[in-house]
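J.: could you work out the structure for the sequence below:
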Amino acid sequence: MHPFNGPSSILSMAFSSGPVVGGVLLVLVLSSVVCWAIILYKFWVIRRAAQQSRDFLEIFWGSKRFDAILAESRDLTESPLAELFRAGYREWKKARAKRAEPRGQGVADDLTPELGWVESIQRTLRFVADAEITRLERMLVFLATVASAAPFVGLFGTVWGIMDSFRQIGLMGTASLAVVAPGISEALIATATGLAAAIPAVVAYNYFNNAIKVLATEMDAFSSEFLNIVSHHIADAAKGSR
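T.: Modelled structure (predicted):
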């Protein structure tokens, strides 16, 4: 077998590389390990969020009472839609409690509260949706950083290793293949490691980013539906009290 063939020889070259190239390889390997941990964790989180959101929609459209929906969805803690509903329902209950309080007899007192309650619920839904998107996007910035920076870090290690190889050529006074090949092979390992770290990171980042966009669209649609239902309830209650 050729001395540079096989995984064992590649590992031996990696371990025998210089301090700079070795440091680059260590950084890239650690980054890759962290990336894979994040990928597995985020896949589990986003999958649970999507599954529980589907379960919540079945509960929401299958029930006619908000309190029943709240009771049935208590275990859906990973669903962004369930969290939106809980926050909106709490705000709506506050609006109903305020309606029971005595109000003035002016025209402004009769017309403006309903509009203010709808706007308050809308703000709450928007705030919770932003918080859920932030939660889902947490740690993705590391994947994006590794995806963009790892090839350049690996290229730095390769360039440094080639520079060191040329220095060795100058010291030995010969440029034969036996002298050049080992140093260049060790240097190219850094580029290969950088690509090995970057490719899974960029694929996973794009996948998760697309999945989060789908969940964000579902949250926008649910917020509109919930706000429409609550607006009708508030409008009907306002007509009944006048």
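J.: next up, the contacts around Ala204.
T.: Cys35, Ile38, Ile39, Lys42, Phe43, Leu143 (Cβ atoms under 8 Å, 6 or more residues apart in numbering). From N, CA and C alone the C-beta is placed, and that goes for glycine too.
J.: in this protein, which spans are helices?
T.: Remark: helices assigned in the chain by DSSP state H are 7-15, 19-62, 66-72, 80-99, 107-137, 140-172, 177-241.
J.: I'd like these as a markdown table, with mean pLDDT appended.
T.: Output for the helices of the chain, formatted as a markdown table (pLDDT from 0 to 100):
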| stretch | mean pLDDT |
| --- | --- |
| helix 7-15 | 55 |
| helix 19-62 | 92 |
| helix 66-72 | 89 |
| helix 80-99 | 85 |
| helix 107-137 | 78 |
| helix 140-172 | 84 |
| helix 177-241 | 83 |
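J.: which one of these is the most hemmed in?
T.: helix 80-99 (a mean of 19; mean count of other Cβ atoms under 10 Å).
J.: centre of the chain to that one, how far?
T.: The chain centre lies 26 Å from the centre of helix 80-99; the measure is Cα atoms, centre = their mean, to the nearest Å.
J.: quick check: Phe222 touching Leu81?
T.: Yes: shown here, Phe222 and Leu81 form a contact pair, counting by Cβ atoms under 8 Å, at 5.1 Å.
J.: common neighbours of those two, please.
T.: Leu57.
J.: before we move on, the earlier item: from the contacts of Ala204, which is closest to Arg126?
T.: Lys42 (24.1 Å; Cβ to Cβ).
J.: next, work out how far apart the residue nearest to the closest one when sequence neighbours are not counted and Ile121 are.
T.: Distance criterion Cβ to Cβ, 6 or more residues apart in numbering; nearest residue to Lys42, sequence neighbours excluded, is Phe208 at 5.5 Å. Counting by Cβ to Cβ, to the nearest Å, the gap from Phe208 to Ile121 is 30 Å.
J.: do Glu91 as well
T.: Distance from Glu91 to Ile121, by Cβ to Cβ: 5 Å.
J.: who touches the spatially most central residue of the chain in this structure?
T.: In the chain, the C-alpha nearest the mean C-alpha coordinate belongs to Glu137, at 2.6 Å (Cα atoms, centre = their mean). Contact analysis of Glu137 by Cβ under 8 Å, 6+ apart lists Ile212.
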